[in-house]
Structure formats: structure tokens, C-alpha cells
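In: Dropping the sequence and predicted coords here.
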Amino acid sequence: MDYASVIQQGLQPKATRPKKVIIAGAGMAGLVAAYELLRAGHDPIILEAQHRVGGRVQTIRDPFMPGLYAEAGGMRIPRSHALTLAYIDKFNIPVLPFTMHNPRAFYCLQGRRVRIEEAEKDIACLGGYLAGEKPGTTVAQLWAEALQPISNRLAAQGPEGWAEVTEEFDQYSVREFLEAKKWSEGAIELFGLLWNQEAIMNSSFLELLREEVGGFYTNMVQIDGGMDRLPWAFAPALRDRIRFGAKITAIDQTSNSVTLHYRTSAGRGQVTGEYAVMTLPFPVMRHIEVLKPFSAAKQRAIRQLHYDASAKIFFQCKRRFWEEDEGIFGGGTITDLSIRNLYYPEHGRESGRGILLASYTWSEDAQRWGSLPPEERIVQALENVAQIHPQVQDAFELGVSKMWHDDEFAGGAFALFDPGQQTLLHPHILAPEGRIHFAGEHASLTHAWIQGAIESGLRAAHEIHHAA
């Protein structure tokens, strides 16, 4: 399916008889599905439990001063994600480069604080992680060598090669793959730290492979003015078709209709259509009553699909000390402290102040932050950041945190396969149940990215548009 052509030209041919379609969720997948179905001549209605669009694309502006904001969810877009960029172009949304790697930032490991550029010249300055390797060997070299045979195979075979690669490697976790490549424990540890993989080392190797082969962390952009400008760009066309504050409680269907029951602060309601698109994350689906039970395979997928935790902690600082004092413009610092990863957002310079992404963590690292009261998260993060940037103690003004695994409308940050789950669950995640179709980043192979949500929304819209 050529999804790029759908974004440009719409679903073809145009509908001669409109179908009423109920869409659960106004995240990126739901917005895309509704937008394309509307353009094709159908009658979509979106039920959204919150009072905003975007789902896990969430730009926090309050309580920060005007001109400053924080990306609680998606914060960067690889230029390889053509569908995401196609909608950005369609809505004339300006983008700026996103600096992923900055040699002027730091590695802070085992009590050592070292500029990344220094470590790139001599990795031994970080400690004895690679003591058993040839002098001058880097983790990047070891990783490139490990992936090269797979990359060569995919380059030679094209998309068809993925079936063979999946069959061979689906049972591997990242750690198991590195062990099979005879990596030392020190090399595995350093890779986990520098690639931000330590907390998810037991997740499916295929998840990381897709990102590496696809160049997901190179040549990236961000939306000028906040990532939520993308979901809000769909709102004018769909304004009268979104029902905010409507929390879905039950799903029912017959041979020719689907009914979604929902609850608002004003009471209970229901809406019936010919089809439905469920874009809600599966942890949320677990708490919705399905009156006509889904197939056993779908129920298993909803129960078993692994979702990862994610946490972000932000500081508003009265001056941009990382730029003024240390010459760090964009990029991130990597640590083995509780904060793990620290990023330096580049917007807001005209205000004189700045937002610091003081901590970005996944999995168990994130869950540990979630166990702390919100005010204690700020205190603990300040202590960690001060070990790298002592100036933060004078510059700090306020802090905000976001725990996606504690968000009732998300239930986790993103789907992340355990080993074997792609083969076991993926076909059943995508499969419709009667007149109910499924979308969301989990209903794609591009987990955790806006691209996956968009692709799934286009797929679901295409399925319904062409349904008999």
C-alpha cells in the first residue's frame, strides 16, 4: 500500500455511500484515520477521553514562562520517517534540526565527567569497560561489525529480507544477540549505557535492529514551536467531529454495526456506526468491556503485548548555563546516575531562560522515578544534575515531571516487543475483529514513533474505505 499517495491525494476512489465510523482516541492514529476517512467522503466521529488531541504527543506549556515548553512525549522526527514529514509539509508546519549527538556534551560514568569528544578520542578515559579489546576499539565499531552481515542481507534482498531476518532473530533479546556475538560483559555494559539500552536489554533485538537499519536516530528534526502543532493541525477539519471528555467503557457490535459506550462528566452515552477504529493502547483496552468477545488470539495480544515505562523530568532555568558556561548547544549528556539521560532543548533563547530535560528514562529506570512523589523527583533530579552542572542549583526555577506508565490514558509509553512477540502477536494485533479495526503505534512495527501511529491510521482508514 502506497501510504504516501494517500496523504497527497486521499483514499481513492471517493466514497459513493458514506460510512459512519467511530474512532476511539484523538492521538495521531485516530486523527489520521478520521482525517482521511472524512476526505474520502465518510462520516467519522472521534471519542477522546481527554480535553486535547495528540495522545502521547504532548507539549507542556504551563507552568513554564511564555516561549518555553517541554515535550512530554514525542520530541524528534527522523528524516527517514516520510509519512510524518509528509503531513508536516501538507500543513506547512516549520521544522528545525534536532541535535542528537553533541561532542561538547558529557559522559558521566563511574564518577568520571568527560566530554564526549574526549571519550571519542580515547575510550579508556571512561574506565576499563573494553580492557579485553584491541587498543583503540570503540563500542560503535563493535556494534557496526555485529550488524553488518544483517545490514548487507537486507540491502541485497530489500523488504523481502525482513521475513528471513525476523525468523532468525525474533527469539533474541538485545543482550542475547550481543552474547551470541561473544561480546565481553564490559562491552555489553558500556553499550547499554552509551546507547541508552541498559534498562531494555531484555527487549526484542528486532526492535533495536529496525531503528538502527532505518537510521531512526540520525538526521532528525523537531517542530518549531512544539510537537503538538502537528496533531492540532488536524483539528480544524475535524473540529465538529471530536467529542472531548468521553471515556469509553464498553464495545458492542452486530453483523452490521458497532456501538461504543462512553462516560462523560455529564453522564453516560453511546454512539453507533457501521465501523469503529480502536486506537487506544492495549493497557487501556484491558479495562474496557467487550460485550461480544474478541477472538482468543486478539484477547491474548491485548493481555500480553509488552509496554515500556518512560519518565521525563524538566527544569525551567533562569539562564542557559549549559550554553553560556560550557558551550553545549543541543544534544545530550549520558550518565549512569538515576537521571540517566539529560538533553539540552534549543528553543526559547530569546527569553534568556531555558528548559532542561533533566532526566529521560525507560523501563525500570523510569518506574523508580514513578515511585517517588512528584516533588521528590525534582529534588533527586536536581542532586543528580548538580554533579554534572553545579550551576543548576542557582539557575533552577521550577520542575515538572511526566510518568507515562502512570498515565491512565496511556498505561505505558509505547509498545516494545519481548523476544518472540513479533511472530506470536503482531499479526493478531493488526487483524480486525468483525467491524472493529485497530490502529496506534502498537499496531505497526514502528513502535514508539509518530510514524508508526500515522502508518496504522492510514492502514485502518484504507481497510474501512475498501470494506464491502
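Out: Perfect, I can see it now.
In: Next, the buried residues of the longest helix seen in the chain.
Out: Longest helix in the chain by number of residues, with DSSP state H as the criterion: helix 139-157. Buried positions in helix 139-157, judged by neighbour count with 16 or more other C-beta atoms under 10 Å: 139, 142-143, 146-147, 150, 154. Backbone N, C-alpha and C define where each C-beta goes, glycine included.
In: Stretch 121-138 now?
Out: Neighbour counts over stretch 121-138 (16+ other C-beta under 10 Å) mark 123, 126-127, 129-130, 133, 138 as buried.
In: Quick one: end-to-end length of it, please.
Out: Taking C-alpha to C-alpha, to the nearest Å, the first and last residues of stretch 121-138 lie 10 Å apart.
In: Mean confidence (pLDDT) on it, please.
Out: Taken as a whole, stretch 121-138 carries a mean pLDDT of 89.
In: repeat for stretch 358-370
Out: Across stretch 358-370, the average pLDDT comes to 97.
In: Mind giving me the packing neighbours of the longest helix of the chain?
Out: Judged by 3 or more C-beta pairs under 8 Å, 6 or more residues apart in numbering; DSSP states H and E, helix 139-157 is in contact with helix 161-169, helix 185-194, helix 205-213.
In: Quick one: closest of those helices to Ile288.
Out: helix 205-213 (26.5 Å; C-beta to C-beta).
In: how many degrees apart are the closest one and helix 139-157 in direction?
Out: For helix 205-213 against helix 139-157, the angle by axes from the mean of the first three to the mean of the last three C-alpha atoms, to 10 degrees is 90 degrees.
In: now what about the helix or strand following helix 205-213, what contacts it?
Out: Sequence order places strand 220-223 as the next helix or strand after helix 205-213, per DSSP states H and E. With C-beta atoms under 8 Å, 6 or more residues apart in numbering as the test, strand 220-223 has contacts from 71, 75-79, 85, 88, 93-98, 100, 229-230.
In: one more time with 6 Å, if that's ok
Out: Residues from elsewhere that reach strand 220-223, judged by C-beta atoms under 6 Å, 6 or more residues apart in numbering: 76-78, 93, 95-96, 98, 100, 229.
In: How far off centre is it?
Out: In terms of C-alpha atoms, centre = their mean, to the nearest Å, the centre of strand 220-223 is found 14 Å from the chain centre.
In: next SSE after it?
Out: As assigned by DSSP H and E, the chain's next helix or strand after strand 220-223 is helix 229-233.
In: sorry, back to before: quick one: work out the angle between the longest helix of the chain and helix 185-194.
Out: 80 degrees.
In: can you dump the C-alpha coordinates of helix 139-157 into PDB?
Out: Taking C-alpha atoms only, helix 139-157 is exported to PDB below (Å, rounded to 0.1, in the frame of the first residue of the first chain):
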ATOM      1  CA  VAL A 139      31.700   0.200  21.100                       C
ATOM      2  CA  ALA A 140      30.500   1.900  17.900                       C
ATOM      3  CA  GLN A 141      32.900  -0.200  15.900                       C
ATOM      4  CA  LEU A 142      31.800  -3.400  17.700                       C
ATOM      5  CA  TRP A 143      28.200  -2.600  17.100                       C
ATOM      6  CA  ALA A 144      28.700  -1.800  13.400                       C
ATOM      7  CA  GLU A 145      30.600  -5.100  13.000                       C
ATOM      8  CA  ALA A 146      27.800  -7.000  14.700                       C
ATOM      9  CA  LEU A 147      25.100  -5.500  12.500                       C
ATOM     10  CA  GLN A 148      27.000  -5.500   9.200                       C
ATOM     11  CA  PRO A 149      26.000  -9.000   8.000                       C
ATOM     12  CA  ILE A 150      22.300  -8.300   8.700                       C
ATOM     13  CA  SER A 151      22.500  -4.900   7.000                       C
ATOM     14  CA  ASN A 152      24.200  -6.400   4.000                       C
ATOM     15  CA  ARG A 153      21.500  -9.100   3.700                       C
ATOM     16  CA  LEU A 154      18.700  -6.600   3.900                       C
ATOM     17  CA  ALA A 155      20.400  -4.300   1.400                       C
ATOM     18  CA  ALA A 156      20.700  -7.200  -1.000                       C
ATOM     19  CA  GLN A 157      17.200  -8.600  -0.500                       C
END
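In: picking that back up, using JSON lines, lay out the helices and strands packed on helix 139-157 together with mean neighbour count and mean pLDDT.
Out: Converted to JSON lines, the helices and strands packed on helix 139-157 look like this (neighbours: other C-beta atoms under 10 Å; pLDDT from 0 to 100):
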{"stretch": "helix 161-169", "mean neighbour count": "14", "mean pLDDT": "96"}
{"stretch": "helix 185-194", "mean neighbour count": "20", "mean pLDDT": "96"}
{"stretch": "helix 205-213", "mean neighbour count": "20", "mean pLDDT": "97"}
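In: mind checking which of those is nearest Asn256?
Out: Nearest to Asn256, of all those, is helix 161-169, at 36.4 Å by C-beta to C-beta.
In: residues making contact with that closest one?
Out: 153-154, 205-206.
In: go with 7 Å
Out: 150, 153-154, 205-206, 422-423 (C-beta atoms under 7 Å, 6 or more residues apart in numbering).
In: and the helix or strand following that helix, what's its mean pLDDT?
Out: From helix 161-169 onward toward the C-terminus, using DSSP H and E, the following helix or strand is helix 174-180. In this model, helix 174-180 has a mean pLDDT of 98.
In: now for helix 174-180, which elements pack on it?
Out: helix 185-194, helix 205-213 (3 or more C-beta pairs under 7 Å, 6 or more residues apart in numbering; DSSP states H and E).
In: Tell me which of those approaches Phe314 most closely.
Out: Ranking the helices and strands packed on helix 174-180 by proximity to Phe314 (C-beta to C-beta) places helix 185-194 first, at 22.5 Å.
In: where's Asp308 relative to Ile116, distance?
Out: Taking C-beta to C-beta, to the nearest Å as the measure, Asp308 falls 26 Å from Ile116.
In: With Lys14 instead?
Out: Lys14 sits 53 Å away from Ile116, going by C-beta to C-beta.
In: cool, Gly420 as well?
Out: Taken as C-beta to C-beta, the spacing of Gly420 relative to Ile116 amounts to 36 Å.
In: if I read this right, Ala311 contacts Glu364, doesn't it?
Out: No - using C-beta atoms under 7 Å as the test, Ala311 is too far from Glu364 to be in contact (10.7 Å).
In: residues in contact with the helix or strand that contains Leu37?
Out: Using DSSP H and E, Leu37 sits in helix 28-39. Contact partners of helix 28-39, identified using C-beta under 7 Å, 6+ apart, comprise 6, 10-11, 21, 23-24, 44, 46, 53, 55, 57, 231, 234, 237-238, 241, 277, 279, 439-440, 450, 453-454, 456-458, 460-461, 464-465.
In: In a strand, Lys402, correct?
Out: Yes - under DSSP: H, G, I helix; E, B strand; the rest coil, Lys402 sits within a strand.
In: what's around the closest residue to it other than its chain neighbours, how many residues?
Out: Sequence neighbours aside, Ala72 is the residue nearest to Lys402 in space, at 4.1 Å (criterion: C-beta to C-beta, 6 or more residues apart in numbering). Residues near Ala72, counting by other C-beta atoms under 10 Å, number 23.
In: Same question for Val290.
Out: Neighbours of Val290 under the rule other C-beta under 10 Å: 16.
In: What distance do you get for it to Phe64?
Out: To Phe64, Val290 is 41 Å away according to C-beta to C-beta.
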